[in-house]
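Novice: My questions are about this predicted structure, shown below with the sequence.
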Amino acid sequence: MLALPAAVINNPGTVTHVLMNWGVNDMNSWPIAEATWETQYESIITYSHGRFPNAKVVLSYPWRVGFDTQAATMHGWVDTVIAWCGSQGIVCMAGVDEAVTIKAGDDGHAETDFVTGGAGVHYSDPLGVGLYATAMQHILGW
């Protein structure tokens, strides 16, 4: 929380959305326990909701080249976490589905990193961040 601007730290009620994108790194550790993964995600959401009670929590669906099965499984897990939010009175919604925005029609070739032989656009590079932000803005209705 120290890295957040003072205006956010001192006025947490003004935060409207908390964007979360968890899971792609967990695909390296497969198999992982669904219950553990979901419980840890729920703990992060609970903390964020306590800190920013007026914010909607937006959960993205992770995807990674070569990990389609794990991504599909985690897609269901994210849906489970979103349903859990509702039972806790926390407003959560589905965010970017990376299997659509990054994988697209070319198995992620144009939107992934150099390791995969892609065009050099990675979602953490400026152009990739822009593409991801555009997809998220569409989901949020901005």
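Specialist: Arrived safely, thanks for sending. Numbering: from 1, shown residues only.

Novice: neighbours around residue 53, how many?
Specialist: For residue 53, the count of nearby residues is 11 (other C-beta atoms under 10 Å). Bear in mind the C-beta positions are built from the backbone N, C-alpha and C, glycine included.

Novice: Kindly indicate whether it is helix, strand or coil.
Specialist: Under the three-state scheme (DSSP: H, G, I helix; E, B strand; the rest coil), residue 53 adopts coil.

Novice: what's the residue nearest to it when sequence neighbours are not counted sitting at in phi/psi?
Specialist: For residue 53, the nearest residue in space outside its immediate sequence neighbours is residue 13; the separation is 6.9 Å by C-beta to C-beta, 6 or more residues apart in numbering. In this entry, residue 13 is assigned phi and psi values of phi -70, psi -10 (degrees, to the nearest 10).

Novice: Ok, the one 5 residues further on next?
Specialist: The phi and psi values for residue 18, taken as degrees, to the nearest 10, are phi -120, psi 120.

Novice: residues in contact with it?
Specialist: Contacts of residue 18 were listed using C-beta atoms under 8 Å, 6 or more residues apart in numbering, and they are 48-49, 52, 55-58.

Novice: how close does it sit to residue 69?
Specialist: 29 Å (C-beta to C-beta, to the nearest Å).

Novice: again with residue 36
Specialist: Looking at residue 36 against residue 69, where the rule is C-beta to C-beta, the gap reads 19 Å.

Novice: Please go through this structure and pick out the longest helix.
Specialist: Using DSSP state H to assign secondary structure, the helix with the most residues in the chain is helix 68-87.

Novice: In PDB, please show the C-alpha coordinates belonging to that one.
Specialist: Output of helix 68-87 as PDB, limited to C-alpha atoms (Å, rounded to 0.1, in the frame of the first residue of the first chain):
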ATOM      1  CA  ASP A  68      -4.600 -23.900 -22.300                       C
ATOM      2  CA  THR A  69      -5.900 -26.700 -20.000                       C
ATOM      3  CA  GLN A  70      -4.700 -24.900 -16.900                       C
ATOM      4  CA  ALA A  71      -6.200 -21.600 -18.100                       C
ATOM      5  CA  ALA A  72      -9.500 -23.300 -18.800                       C
ATOM      6  CA  THR A  73      -9.500 -24.800 -15.300                       C
ATOM      7  CA  MET A  74      -8.600 -21.400 -13.700                       C
ATOM      8  CA  HIS A  75     -11.400 -19.800 -15.700                       C
ATOM      9  CA  GLY A  76     -13.800 -21.900 -13.700                       C
ATOM     10  CA  TRP A  77     -12.000 -21.100 -10.500                       C
ATOM     11  CA  VAL A  78     -12.300 -17.300 -11.200                       C
ATOM     12  CA  ASP A  79     -16.000 -17.800 -11.800                       C
ATOM     13  CA  THR A  80     -16.200 -19.600  -8.400                       C
ATOM     14  CA  VAL A  81     -14.500 -16.700  -6.700                       C
ATOM     15  CA  ILE A  82     -16.800 -14.200  -8.400                       C
ATOM     16  CA  ALA A  83     -19.800 -16.100  -7.100                       C
ATOM     17  CA  TRP A  84     -18.200 -16.200  -3.600                       C
ATOM     18  CA  CYS A  85     -17.900 -12.400  -3.700                       C
ATOM     19  CA  GLY A  86     -21.700 -12.100  -4.100                       C
ATOM     20  CA  SER A  87     -22.200 -14.300  -1.000                       C
END
